[in-house]
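Engineer: My questions are about this predicted structure, shown below with the sequence.
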Amino acid sequence: MATEQRVPIFEMRHIYKMYGDLCANNDVNIHLNQGEILAIVGENGAGKSTIMKVLYGLEKPTSGEVFVRGRKVRFHNPSDAMAQGIGMVQQHFMLFESMTVAENIVFKNEITKGLFLDKKKTIETVQALSDQYMLKIDPDARIDECPVGLRQRVEILKILYQSAEIIIFDEPSAVLTPLEVESLLETMRNLCAMGKSIVLITHKLQEVMSAADRVYVMRDGKVVAERMKNETDAEELAYLMVGRHIPARHIPPQTVTRELLEVTGLSLKGENKLLLDDVSLHVGAGEIVGVAGVSGNGQSELIQCITGLRHTDGGTVRLQGKDVTNKSVREIRDAGLSHISEDRFVWGSAIDATLAENTLMGKEDDDGFSKKGFVDWNRVRQYCAELIRKFDVKASSPAQKLHEMSGGNAQKLIVAREMSMSAPLLISCEPTRGIDIGAMEFIHDQMLKKRADGGGVLLVSSELSEIMRLSDRIYVLFEGRVNGECKRGEMDDKSLGLLMLGGNKSHE
């Protein structure tokens, strides 16, 4: 008797997605089986997010077919996809801060009593959903009081409340601690055990090896490989993503010669609490110092105070021995600082300006680029072209507008500009966010070169693996205070994750 062939819960056949002359998806064929975790991995710009946007109705394919449970479908918007049981947990949470957990979960599908929300029934329903899927939440808590890990649970429950059978996770661990990542991956496994089917878009190969059943690797808009998880490893997947082997990096110890940055007793008042509370740290010449912490624990405010974007309420900032506390951005940069900002579009660039104009920022008064107030635009464009080539920025020309580029390539340009400054101290915030593996290694090499040349780097990153790999010392921030400091090799990711959640070194 012939074995009955299982019909995939969804299948995408020969999908092409064109943006003008750019082919974002090139003859992509993928499918998802009932009850499995499928990982889709690839570099920035490989097409993995685009193919999922097509599936979720955020984008329409140029050509190709989509089948759900064997039936051909065509989605015009996410509501069409949701009607077919497809939900997506976005990388940036879509929650209302002033509303409760329960109100967010039932939003647009409220349980009413007459014209008004039936609060009692809503809370009972949300609590039952929480218990059913073992996703513990407090239905009455306001979202603005919930940590990041809990907010993600709310997003998942929101989709489950709408009866989703297929759940797409887009880079879900970007803002989570290692302990929260473990909890998330366990949630995925539990959901699959209950009959749900999951697509995981990620660049973190350890998560793929921990949770996925099957993996598609995409490169340049195409699927270049399909692997069962138990038939591959992280090294092979990295090679397939990049098309070359990435060697392991050894970082030798180095002697610190002098202090470049000294922050002492820094404080910053918020509306109801201190955003920074007596923060002290230092960075020496010849070292990379990491700042770790769950998003929202003072990292952004600390960097803004150091760089002059915000004024402190107490404490001092000294750069190469000079007091620069509450000085202007220009004065602080002139004192020896360059800055890769956390938000590339808000702080790091002018999105409506050209690439040449963006690379000029911070060098407007340099003799090489201007004379007597007049900019030598030929030299600026030449300099921009050099940075584009050196940092492998995908751009048409220095005259291209920044907003016409992908986020990853805009980040490369900003990194190129700041790393090409001659400042002794580099403050590097989320330098590899949205960057592919090959470019990530190049940027890491540039930071290590600065260290080897006697410069200093203050590295802030939501990627704990990045901080642990590069940093000579690490400070951990929790609720605006330094909750621990350690040297390279003294702690593992779980111990650091515990500090990030408010624990201490003595805890198991």
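Structural biologist: Cool, got the structure. Residues are numbered from 1 along each chain as shown.

Engineer: Tell me which strands the helix or strand harbouring Asn29 pairs with, and in which orientation.
Structural biologist: Assessed by DSSP states H and E, Asn29 sits inside strand 22-32. Based on DSSP bridges, the pairing partners of strand 22-32 within the sheet are strand 10-19 (antiparallel).

Engineer: Work out the gap between the next helix or strand after the strand holding Asn29 and the centre of the chain.
Structural biologist: Per DSSP H and E, the first helix or strand lying C-terminal to strand 22-32 is strand 37-42. Offset of strand 37-42 from its chain centre (CA atoms, centre = their mean, to the nearest Å): 17 Å.

Engineer: and the angle from strand 37-42 to strand 22-32?
Structural biologist: 160 degrees (axes from the mean of the first three to the mean of the last three CA atoms, to 10 degrees).

Engineer: and the next helix or strand after strand 37-42, what does it pack onto?
Structural biologist: Using DSSP H and E, the helix or strand that follows strand 37-42 in sequence is helix 48-56. Under the contact criterion of 3 or more CB pairs under 8 Å, 6 or more residues apart in numbering; DSSP states H and E, helix 48-56 touches strand 10-19, strand 22-32, strand 37-42, helix 78-83, strand 86-89, strand 166-170, strand 197-201. (Each C-beta comes from the backbone N, C-alpha and C, glycine too.)

Engineer: which residues touch the longest one?
Structural biologist: Contact with strand 22-32 is made by 8-18, 38, 40, 47, 50-51, 54, 61, 64, 166, 197, 199, 216, 218, 220-223, as judged by CB atoms under 8 Å, 6 or more residues apart in numbering.

Engineer: now with 7 Å?
Structural biologist: 8-17, 38, 47, 50-51, 166, 197, 199, 216, 221-223 (CB atoms under 7 Å, 6 or more residues apart in numbering).

Engineer: Could you list the buried residues of that strand?
Structural biologist: Cys23, Ala24, Asn25, Asn26, Val28, Ile30, His31, Leu32 (16 or more other CB atoms under 10 Å).

Engineer: could you check the angle strand 197-201 makes with it?
Structural biologist: Per the same axes, to 10 degrees, the angle that strand 22-32 makes with strand 197-201 is 150 degrees.

Engineer: before we move on, what about the first one?
Structural biologist: For strand 10-19 against strand 197-201, the angle by the same axes, to 10 degrees is 30 degrees.

Engineer: So what's the gap between strand 10-19 and the chain middle?
Structural biologist: 26 Å.

Engineer: repeat for the last one
Structural biologist: Between the mean C-alpha location of strand 197-201 and the chain-wide mean there is a distance of 18 Å, by CA atoms, centre = their mean.

Engineer: Let's test this: mean pLDDT of that strand, rounded?
Structural biologist: Averaged across strand 197-201, the pLDDT comes to 93.

Engineer: residues making contact with it?
Structural biologist: So strand 197-201 is contacted by 9, 32, 34-40, 48-49, 52, 165-171, 188, 191-192, 211-212 (CB under 7 Å, 6+ apart).

Engineer: Show me where this protein dips below the pLDDT cut-off.
Structural biologist: 1-6, 44, 91, 174-177, 245-248, 434-438, 505-508 (pLDDT under 70).

Engineer: measure His31 to Phe67 for me?
Structural biologist: Plainly put, His31 is 9 Å away from Phe67 if you go by CB to CB, to the nearest Å.

Engineer: if I look at those two, which residues touch both of them?
Structural biologist: The contact lists of His31 and Phe67 share Phe10, Glu11, where a contact means CB under 7 Å, 6+ apart.

Engineer: count of neighbours near Arg469?
Structural biologist: 14 (other CB atoms under 10 Å).

Engineer: Could you give me the buried positions within stretch 314-321?
Structural biologist: Quick answer for stretch 314-321 (16+ other CB under 10 Å): Gly315, Val317, Arg318, Leu319, Gln320.

Engineer: Can I get the residues you listed in a markdown table including secondary structure and distance to Leu501?
Structural biologist: Output for these, formatted as a markdown table (DSSP: H, G, I helix; E, B strand; the rest coil; distance: CB to CB, whole Å):
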| residue | secondary structure | distance to Leu501 |
| --- | --- | --- |
| Gly315 | strand | 25 |
| Val317 | strand | 28 |
| Arg318 | strand | 31 |
| Leu319 | strand | 32 |
| Gln320 | coil | 35 |
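
Engineer: Return the closest of these with respect to Phe478.
Structural biologist: Distance to Phe478, by CB to CB, is smallest for Gly315 among the buried residues of stretch 314-321, at 18.0 Å.

Engineer: check contacts around that closest one.
Structural biologist: Thr264, Gly265, Leu266, Ser267.

Engineer: which strand residues sit across from the third one in the sheet?
Structural biologist: Think Leu266. Beta-bridge partners of Leu266, as defined by DSSP bridges: Val279.

Engineer: so Val289, which of the three states?
Structural biologist: strand (DSSP: H, G, I helix; E, B strand; the rest coil).

Engineer: Dihedrals phi and psi, the nearest residue to it once chain neighbours are set aside?
Structural biologist: In space, and not counting its chain neighbours, Val289 is closest to Val283: 4.7 Å by CB to CB, 6 or more residues apart in numbering. Dihedral pair for Val283: phi -130, psi 130, per degrees, to the nearest 10.

Engineer: Please work out how many residues are found near Val283.
Structural biologist: Using other CB under 10 Å, Val283 is surrounded by 27 other residues.

Engineer: Just the closest of the buried residues of strand 22-32 to Cys384, please.
Structural biologist: Using CB to CB, the buried residues of strand 22-32 come closest to Cys384 at Ala24, 25.7 Å.

Engineer: any idea how far that closest one is from Pro252?
Structural biologist: Look at Ala24 and Pro252: by CB to CB, they are 42 Å apart.
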